[in-house]
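*Asks:* Starting from these lines, generate the structure:
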Amino acid sequence: MPTYIEGTNIPTSAISGNIKGDAAYWAQRLKGSGTNINDVLFEMAYSTPFEGSTQTGSNYQGQGQGNPNVGALQSGQWKFNTGPTWAAEAVKEPSGMSDIYKQRDTAGNLTGADWRGADYGTPGNRGYTGTGTTGTGTTGTGTTGTGTTGTDTTSTTSSTGTEVFDMAKLTDSMDLSNKLTEVINTNSPLFKAAQTKAMQNMQRRGIVNSTLAQEAVMNSVINVALPIAQAEVNQLVTNLYYNTDWTNKQKMQANEFAYNKMLTELQGRINYTLQQLVGSQNIGLQTLKGTQAMSLQDLQGTQAIDLQTLRGTQATDLQTLIGDQETKLQQDKIKADLWAKYGDWITTMATTEGADQEAWQNMLDMLKGAGGWPLPT
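*Replies:* Predicted coordinates:
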């Protein structure tokens, strides 16, 4: 009788050879405080070797594209016994709103049910069957492993039905970067694989943060995509500038041509970049270092302010102390001067001709016997 990873319907034998740990290891990971269950399950599926992988033997570092284990998770064939499945959560993410995941039972048979994002089948998104502008992406009907996911397994750009945005207006790099994030499919297996690799690298530093990992991959992709998009925007703007006699229809056609050309170039370049990131030992660490540097700067700034405050307080206290000391010295000097003059007067009186020398001598003797002239107070 098969045994299962605690809390799941996944046989322990299904993750044989997992490069990160055995069934007990993953069961413990799933119990971690604040753990995102489905993120851990994806990491487990991704890091489990499979027949037909492009990485063999000890060279296996994890793979998402073509991985039947990842497909099993996406199709619901693998799942945690309680709570939402991976697909149920994925279609609620901004990057998965236009995705569809057909579901399978534990034997791998289609159940007829599916999970689909709210935008699936609407104009400009996957599954739309009406008329519209056709992009260059691949329609998401492919099968990953044993689970038919309906996600685009060959392209990271948007698929059929994508509405063309006005590229001639996107001369600002920030606006263009924001638009590029709309056409990059962060839910594609290849992007997910790169994100998992970033998490693995960050985990070596003791931190696992899926948001930072996705940010690291997206930044790397944008760095590649932005120059391509900027070149297309600049070319389009130049054409519009010199062809002032174009009709609105011609301008629209030129914009659509530039947009589709951009997507075609992006598809190959981004996929190539993501494949490199999957094998990178640095992806994720740069974002982590940047975050740590910002935290250190904040800490150093706070310490500098505290130090300035302390120095200011010490300087004020020192000035007050010096002032008090100078005041006391002045007061002591005045008292000493007064007593000195009084002593001079006594001496003068005692030595004045006709004075009662015996009486004055007795007074001086009494003062000496008492320890001398009294000190000023």
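*Asks:* ok, T320 to G108 distance?
*Replies:* From T320 across to G108, the span is 82 Å (CB to CB, to the nearest Å). For every residue, glycine as well, the C-beta is placed using N, CA and C.
*Asks:* make that Q200, sorry
*Replies:* Taking CB to CB as the measure, Q200 falls 28 Å from G108.
*Asks:* for L321, same thing?
*Replies:* Separation of L321 from G108 (CB to CB) stands at 84 Å.
*Asks:* Name the residue in these two with the higher neighbour count.
*Replies:* A count of neighbours by other CB atoms under 10 Å puts G108 above the other of L321 and G108, at 14 against 10.
*Asks:* Quick check: phi and psi on the more buried one?
*Replies:* Here is the backbone geometry of G108 (degrees, to the nearest 10): phi 90, psi 10.
*Asks:* Now do the SS call for the nearest residue to T129 once chain neighbours are set aside.
*Replies:* Leaving aside its chain neighbours, T129 sits nearest to G121 (7.5 Å; criterion: CB to CB, 6 or more residues apart in numbering). Of the three states, G121 takes coil under DSSP: H, G, I helix; E, B strand; the rest coil.
*Asks:* which stretches of this structure have low pLDDT?
*Replies:* 64-65, 95, 124-126, 130-163, 202-210, 277-317, 335-357, 359-360, 363-377 (pLDDT under 70).
*Asks:* Partner strands of the lengthiest strand in it and their direction?
*Replies:* Criterion DSSP state E: the longest strand present in the chain is strand 110-116. Its sheet considered, strand 110-116 pairs with strand 100-104 (antiparallel) by DSSP bridges.
*Asks:* All the helices of the stretch 201-350 of the chain, in order from the start?
*Replies:* Assigned by DSSP state H, counting those that start in this stretch, the helices in the stretch 201-350 of the chain fall at 210-242, 248-278, 285-351.
*Asks:* Now stretch 237-251: buried residues?
*Replies:* Going by neighbour count (16 or more other CB atoms under 10 Å), the buried part of stretch 237-251 is V237, N239, K251.
*Asks:* so what's the first one closest to, chain neighbours aside?
*Replies:* Yep, that's V237 we're talking about. Nearest non-adjacent residue to V237, counting by CB to CB, 6+ apart: A168, 5.8 Å away.
*Asks:* contacting residues around that neighbour?
*Replies:* V233, L236, V237, L240, K251, N255 (CB atoms under 8 Å, 6 or more residues apart in numbering).
*Asks:* tell me the SS of it?
*Replies:* A168 - assigned by three-state DSSP - is helix.
*Asks:* how much space between it and S53?
*Replies:* In terms of CB to CB, A168 sits 45 Å off from S53.
*Asks:* And for Y25?
*Replies:* Y25 is 21 Å from S53, by CB to CB.
*Asks:* Please apply the same query to A198.
*Replies:* Computed as CB to CB, the A198 to S53 distance reads 20 Å.
*Asks:* Please apply the same query to P84.
*Replies:* 29 Å.
*Asks:* Comparing the two, which residue is more hemmed in?
*Replies:* Legend: neighbour count by other CB under 10 Å for P84 and S53, higher for S53 (17 against 14).
*Asks:* residue contacts, that one?
*Replies:* Neighbouring residues of S53 by CB under 8 Å, 6+ apart: Y60, Q63, G66, N67.
*Asks:* May I ask which two of these are separated the most?
*Replies:* Farthest-apart pair in the contacts of S53 is Y60 and G66; separation 13.0 Å (CB to CB).
*Asks:* wait, doesn't V164 sit right on Y259?
*Replies:* Yes: using CB atoms under 8 Å, V164 is in contact with Y259, at 4.6 Å.
*Asks:* which of these two has more neighbours?
*Replies:* The neighbour comparison of V164 against Y259 (other CB under 10 Å) goes to Y259, with 24 against 18.
*Asks:* so the more buried one makes contact with K179?
*Replies:* No: with contacts defined as CB under 8 Å, Y259 does not count as touching K179, sitting 10.2 Å away.
*Asks:* Show me the common contact partners of those two, please.
*Replies:* F165.
*Asks:* Mind putting the contacts of A168 into JSON lines with distance to P227?
*Replies:* Formatted as JSON lines, the contacts of A168 follow (distance: CB to CB, whole Å):
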{"residue": "V233", "distance to P227": "11"}
{"residue": "L236", "distance to P227": "15"}
{"residue": "V237", "distance to P227": "16"}
{"residue": "L240", "distance to P227": "21"}
{"residue": "K251", "distance to P227": "24"}
{"residue": "N255", "distance to P227": "19"}
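*Asks:* And those residues, which two are furthest apart?
*Replies:* Longest span within those, CB to CB: V233 and K251, 14.1 Å.
*Asks:* Can you point out the buried residues in stretch 13-30?
*Replies:* A14, I15, N18, K20, A23, W26, A27, R29, L30.
*Asks:* Which single one of these is nearest to Y128?
*Replies:* When these are compared against Y128 (criterion: CB to CB), the nearest one is A14, at 36.2 Å.
*Asks:* How about the contacts made by that closest one?
*Replies:* With CB under 8 Å, 6+ apart, A14 has these contacts: T48, N69, A72, W78.
*Asks:* Apart from its chain neighbours, what residue comes closest to the second one?
*Replies:* With CB to CB, 6+ apart as the measure, A45 is the residue that lies nearest to N69, at 3.9 Å, once sequence neighbours are left out.
*Asks:* and that neighbour, helix, strand or coil?
*Replies:* Look at A45: counting by three-state DSSP, its state is helix.
*Asks:* Thank you, goodbye.
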